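>>> 3D, please:
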Amino acid sequence: MRRPEGGWQGKRVVLGVTGSIAAYKAVELARRLTQEGAQVQVVMTRAATRFIAPLTFRELTYREPLVDLFDPPPGELMRHVHVAEEADLLLIAPATANILAKMAAGLADDLLTCTFLATQAPVVVAPAMNRIMYLHPATQENLAKLARWGVVAVGPEWGPLATGIEGPGRLASIDQILAAAAEAIDRGQGLVQWAESADLKGVRVLVSAGPTREAIDPVRFLTNRSSGKMGFAVARAARARGAEVTLVTGPVALADPPGVRVIRVESAAQMRAALLEHFLQCDVLVMAAAVADFRPRQQAPAKIKKGEHQEGLRLELERTEDILTELAGQRAPHQVLVGFAAETNADLAQARAKRAAKGVDLLVLNDVLEPGAGFESETNRVTLLHRSGQAEPLPLMSKEAVAHQILDRVVQLLATSGPTS
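Predicted coordinates:
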């Protein structure tokens with residue numbers, strides 16, 4: 001469980017619960033926050049009480065859940081202002097399409113939406129809804145608008161939904177929600193402060209993520225274990241800091257980050273074409289994709305039959321283009337380039353040589369064999385290699401936190417950007 005700096009002890013968290021079938025998962029969220037010492041005040045919509053009784057939250061948080069805007073205890077006035085002013089964090093989980101629409105429209109017709117408008121605390125939402133509702137243009141525009149305001153969205157995940165089908169819309173895991181909440185508290189910016197200090201506002205960031213697939217025949221391909229989580233974390237973090245973000249991703253089971261333009265590709269050649277198309281318009285490139293180094297020299301037009309190759313099958317491979325080196329050769333003086341090196345032996349000398357050869361300003365090195373730092377994990381431990389030669393190791397942290405650490409360095413580089421050596 002990711003804890004904020006100094007831990008959850010004494011942190012005042014307003015937990016908003018809305019009318020989703022995933023409302024029962026908010027019980028575990030409230031329990032874990034309370035166990036860690038947070039002061040949890042649950043605010044429920046009327047619809048949420050149809051899915052879970054307020055009594056459950058009262059017994060876990062030792063506080064009476066709040067539901068009715070117009071039914072304050074004796075002597076208490078303007079409840080939403082009181083709750084909003086005391087909060088260190090407003091966390092809405094699950095967040096339905098309805099609550100996101102009301103937030104984006106600035107409506108304040110219940111206690112939770114009034115609290116949202118009245119708070120200066122950081123705001124985190126964890127969407128959960130039907131796949132079609134999540135993908136609807138209205139929901140996507142609402143999430144994009146909230147992201148522009150500084151609201152942090154975590155999830156949703158891709159998985160089985162209540163309707164029995166699979167797709168994006170599943171509530172993010174409790175660990176993911178807590179990690180996003182901890183990072184929001186650590187950054188300490190409410191929406192007003194964020195609007196005044198978003199350090200990437202107007203910056204155009206191009207991010208690559210995920211693996212590529214190189215076809216052997218119409219049903220088989222070569223690929224790698226990249227999940228895309230690190231690149232998607234960078235895209236979300238850049239969007240949260242005000243950037244205009246374009247994400248080029250290989251095949252992954254991740255929902256599009258809110259407010260981010262997403263281009264989905266499959267092969268290394270397709271990724272190269274997409275990145276070349278958008279590179280000259282960007283200010284920052286973060287090349288987090290694990291692009292295949294080799295592809296079959298020839299693709300079989302039909303499925304290769306095992307029975308026709310009794311002695312085994314030989315594949316002749318050819319190298320794919322080095323996309324990052326090619327882009328670095330076209331860079332403008334103001335552009336900042338960040339590369340990634342996923343290794344099984346994190347040798348600093350080799351990594352420094354790779355940074356220089358690639359022509360990037362910053363190289364993010366990680367050992368994928370290290371526990372907690374592999375392709376499919378939620379955390380990462382990296383070393384940042386600067387163009388000055390400095391190696392800056394970071395401790396194990398969530399990929400969202402790593403993304404912000406990288407972007408902190410990008411902001412510094414943008415202030416002094418020029419051709420790399």
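
>>> can you pull out the low-pLDDT segments for this protein?
Scanning the chain with the threshold set as pLDDT under 70 gives 1-2, 5-6, 71-80, 161-164, 166-167, 189, 192-197, 346, 418-421.

>>> pull the longest helix from it.
The residue-count maximum for a helix in the chain (DSSP state H) belongs to helix 399-415.

>>> contacting residues around that one?
Residues from elsewhere that reach helix 399-415, judged by CB atoms under 8 Å, 6 or more residues apart in numbering: 2, 179-180, 183, 187, 199-200, 203, 229-230, 233-234, 236-238, 241, 283-284, 286, 336, 338, 361-362, 364, 377-380, 382, 384, 386, 394, 397. Where you see a C-beta, it was placed from the backbone N, CA and C, and this is true even at glycine.

>>> contacting residues around the residue nearest to Leu362 when sequence neighbours are not counted?
Distances taken as CB to CB, 6 or more residues apart in numbering place Val338 nearest to Leu362, at 4.7 Å, with adjacent residues excluded. With contact set as CB under 8 Å, 6+ apart, Val338 has these partners: Val284, Leu285, Val286, Met287, Val360, Asp361, Leu362, Leu363, Val364, Ile406, Val410.

>>> which ones among the contacts of helix 399-415 are found in strands?
When strands are assigned by DSSP state E, the members of the contacts of helix 399-415 inside them are Val284, Val286, Val336, Val338, Leu362, Val364, Thr379, Asn380, Leu384, His386, Met397.

>>> CSV please, covering the residues you listed and showing distance to Ile99.
Formatted as CSV, the entries for these read as follows, by distance: CB to CB, whole Å:
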residue, distance to Ile99
Val284, 33
Val286, 32
Val336, 37
Val338, 35
Leu362, 38
Val364, 36
Thr379, 30
Asn380, 32
Leu384, 38
His386, 43
Met397, 30
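
>>> among these, which two are most distant?
Farthest pair in these (CB to CB) is Val336 and Thr379. Separation: 25.2 Å.

>>> out of the two, which sits in the busier spot?
More neighbours sit around Val336 than around the other of Val336 and Thr379, counting by other CB atoms under 10 Å; the figures are 25 against 19.

>>> give the contact list for that one.
Asp283, Val284, Leu285, Asp361, Leu362, Val410, Leu413, Leu414, Ser417.

>>> please identify which pair of the residues you listed lies farthest apart.
Spatial extent of those (CB to CB) is set by the pair Asp283 and Leu362 at 14.3 Å.

>>> more neighbours, these two?
For Asp283 versus Leu362, the count of surrounding residues by other CB under 10 Å is larger for Leu362: 22 against 19.

>>> circling back to that earlier point, buried among the contacts of Val336? Need that as a selection in ChimeraX.
Here is the ChimeraX command that picks out the buried ones among the contacts of Val336, judged by 16 or more other CB atoms under 10 Å:
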select :283,284,285,361,362,410,413,414,417
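
>>> tell me the one of the contacts of Val336 nearest Gln350?
For Gln350, the nearest member of the contacts of Val336 is Leu362. The distance, counting by CB to CB, is 16.4 Å.

>>> quick check: the closest one touching Gly339?
Yes. With contact defined as CB atoms under 8 Å, Leu362 counts as touching Gly339 (7.4 Å).

>>> identify the contacts common to these two.
Contact criterion CB under 8 Å, 6+ apart; residues bridging Leu362 and Gly339 by contacting each: Arg355.

>>> quick check: domain ranges of this structure?
For the chain, whose domains are defined here by automatic domain parsing, the residue ranges read 12-197, 204-415.

>>> how much space is there between Leu348 and Phe375?
The spacing between Leu348 and Phe375, counted by CB to CB, to the nearest Å, is 21 Å.

>>> so between those two, which is more surrounded?
When Leu348 and Phe375 are compared for neighbours, Phe375 comes out ahead with 17 against 12, by other CB under 10 Å.

>>> gap between the more buried one and Val234?
Distance, Phe375 to Val234, using CB to CB: 15 Å.

>>> check contacts around the residue most central in space within the chain.
The residue lying closest to the centre of the chain (CA atoms, centre = their mean) is Ala233, at 3.5 Å. If you count contacts by CB under 8 Å, 6+ apart, Ala233 has them with Ser398, Lys399, Glu400, Val402, Ala403.

>>> residue contacts, the first one?
Neighbour list for Ser398: Arg2, Ala179, Glu183, Ala233, Glu378, Thr379, Asn380 [criterion: CB under 8 Å, 6+ apart].

>>> where do the helices sit along the protein?
Counting by DSSP H, the segments of the chain that form helices are 25-35, 54-61, 79-86, 97-105, 111-118, 131-135, 137-149, 174-187, 191-197, 229-240, 268-279, 323-328, 348-358, 399-415.
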